[in-house]
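> How does the following fold in three dimensions:
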Amino acid sequence: MTDQEKLEDELIEEQSEDEEEGLADKCQEYLQGWQRAKADYENLKKETDRKLQEMASYQQAGLLLEVLPIYDHFKMALSHIPEEQQKADWIQGIHHIKKQFENLLNNLGIEEVKTMGQQFNPELHEAIAYEDSDQADNQIIREVKTGYKLKGRLIQPAQVVVAKNNK
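Numbering: from 1, shown residues only. Okay, the predicted model is just below:
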């Protein structure tokens with residue numbers, strides 16, 4: 001083999017190595033692009049799922065805001081039954097229905113906002129009146145309307161009467 005042939009072989013070998021490196025770089029670039037696209041797709045999928053879940057939760061809250069006043073009126077009606085009639089079988093049946101209603105609400109993630117004995121909290125309570133009282137200032141002394149949370153998020157504030165201590 002002549003020097004020129006050796007030189008040509010070396011040149012071809014160098015070109016092959018350069019092409020190989022270029023192709024490997026190109027492969028790596030395509031692989032990274034594909035991995036980024038896949039990660040973007042996964043993130044989009046998670047975000048879409050989260051938004052769908054949030055939308056379903058808002059729809060559920062809307063329906064519950066229609067049902068909760070019925071439950072409140074049901075509780076209020078039961079509280080006005082005279083003591084001497086409380087032991088009647090049909091009244092006990094109505095109390096059983098109320099308990100089933102409470103269990104349903106609990107299973108849906110509804111919880112009542114605590115009021116009695118609590119300090120007034122504007123994030124949970126709506127003060128509809130202030131009354132002079134011997135209790136501590138800003139203490140809730142009466143609940144007028146029950147407040148509700150859905151899975152920890154307030155959907156209806158409790159309407160309360162708050163103590164105003166003049167001492």
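
> Lys149: which element?
strand 148-150 (DSSP states H and E).

> In the protein, mark out all the helices, start to finish.
Along the chain, counting by DSSP state H, helices occupy 3-79, 89-107.

> Please give the number of neighbouring residues around Glu112.
Neighbours of Glu112 under the rule other C-beta atoms under 10 Å: 16. Quick note: C-beta positions are derived from backbone N, CA and C, even for glycine.

> quick one: it from Ile81, how far?
Taking C-beta to C-beta, to the nearest Å as the criterion, Glu112 is separated from Ile81 by 21 Å.

> Spit out the contact partners of Val161.
Contacts of Val161 were listed using C-beta atoms under 8 Å, 6 or more residues apart in numbering, and they are 127-131, 140-144.

> ok, back up a step: show me what the strand holding Lys149 pairs with in its sheet, parallel or antiparallel.
strand 110-112 (antiparallel), strand 153-156 (antiparallel) (DSSP bridges).

> Average pLDDT for the first one, rounded please.
So the one you mean is strand 110-112. Averaged across strand 110-112, pLDDT comes to 94.

> now do the last one
Averaged over strand 153-156, pLDDT sits at 92.

> Quick check: which ranges of the protein have low pLDDT?
1, 4, 6-12, 14, 166-167 (pLDDT under 70).

> give me that answer again for 90
Counting by pLDDT under 90, the chain contains low-confidence ranges at 1-27, 30, 53-65, 86-87, 108, 117, 132-137, 151, 164-167.
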